[in-house]
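Q: sequence first, predicted coordinates after that:
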Amino acid sequence: MSKHVCPWWLGYSLLCPVRRWIEDPEKMLAPYVKECMTVLEPGPGMGFLTLPLARLVGSAGRVVAVDIQAKMLESLGRRAAKAGLLPRIETRLVQPDSMGLGDLKGAVDFVLAFWMAHEMPSAEVFFLEAAEALKPGGMLLLAEPKGHVKPEKFEQELAAARAASLEIGERPVTRRSMAAVLRKT
Ligand SMILES: C[S@@+](CC[C@H](N)C(=O)[O-])C[C@H]1O[C@@H](n2cnc3c(N)ncnc32)[C@H](O)[C@@H]1O
């Protein structure tokens, strides 16, 4: 496992309720996620944002959560089952160098890349795969933790996204993240 990857045991700290008080996940995601959508969430960890995504897509939508750590996905699955949201969530254990999304080509309405893009071995490959999975006009919300990820690194990620035909739109201002909304052209 690369030293840049968040270890599974830190996944519990990402479920901390304080996070919810600082920024309500449903409120943050509601402008982008609607009923019946197919949402891709790379690097969901233990699912702090996966459950809100599953509530927003409703019973006719689905969330595909792709991670390289089985322990993250197992905890996500348990939390989803307890909340009665498991039928809307598909978890996939993948290798670090590819999200393996061949079956989702052009099928995804929204991608949530929250505090994870800096852990990918290649931002170029990551955005190319995400862009390929998105429908034309589909959106990707990129958020990286302030302090942990330098602004220059965030700009490099945006350059990789642009090279993958993702248009940079608004840059939401949040207390703890640098963020940008990208759109597949
Ligand atoms: C800092 S955690 C963020 C978790 C979650 N997005 C959140 O905001 O609570 C980063 C997650 O990305 C996952 N990850 C790292 N490299 C990955 C890769 N190459 N493909 C998919 N997931 C990856 C890690 O296993 C971890 O679950």
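A: Cool, the structure landed.
Q: for L56, give me its contacts.
A: L56 makes contact with 26, 29-30, 33-35, 37, according to C-beta atoms under 8 Å, 6 or more residues apart in numbering. Just so you know, the C-beta spots here come from the backbone N, C-alpha and C atoms, and that holds for glycine as well.
Q: tell me which element it is part of?
A: Take DSSP states H and E as the rule and L56 turns out to sit in helix 50-57.
Q: so which elements touch the strand ranked longest in the chain?
A: Identified as the longest strand of the chain according to DSSP state E is strand 134-145. On a contact count with 3 or more C-beta pairs under 8 Å, 6 or more residues apart in numbering; DSSP states H and E, strand 134-145 meets strand 108-114, helix 151-163, strand 177-184.
Q: could you export the longest one as PDB, CA atoms only?
A: Listed next in PDB are the C-alpha coordinates belonging to helix 151-163 (Å, rounded to 0.1, in the frame of the first residue of the first chain):
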ATOM      1  CA  PRO A 151      -3.000  24.600  -3.600                       C
ATOM      2  CA  GLU A 152      -0.400  23.900  -6.300                       C
ATOM      3  CA  LYS A 153      -1.200  20.200  -6.200                       C
ATOM      4  CA  PHE A 154      -4.900  21.000  -6.400                       C
ATOM      5  CA  GLU A 155      -4.200  23.100  -9.500                       C
ATOM      6  CA  GLN A 156      -2.200  20.200 -11.000                       C
ATOM      7  CA  GLU A 157      -5.200  18.000 -10.500                       C
ATOM      8  CA  LEU A 158      -7.400  20.500 -12.200                       C
ATOM      9  CA  ALA A 159      -5.000  20.600 -15.200                       C
ATOM     10  CA  ALA A 160      -5.300  16.800 -15.400                       C
ATOM     11  CA  ALA A 161      -9.100  17.000 -15.300                       C
ATOM     12  CA  ARG A 162      -9.000  19.600 -18.100                       C
ATOM     13  CA  ALA A 163      -6.800  17.300 -20.200                       C
END
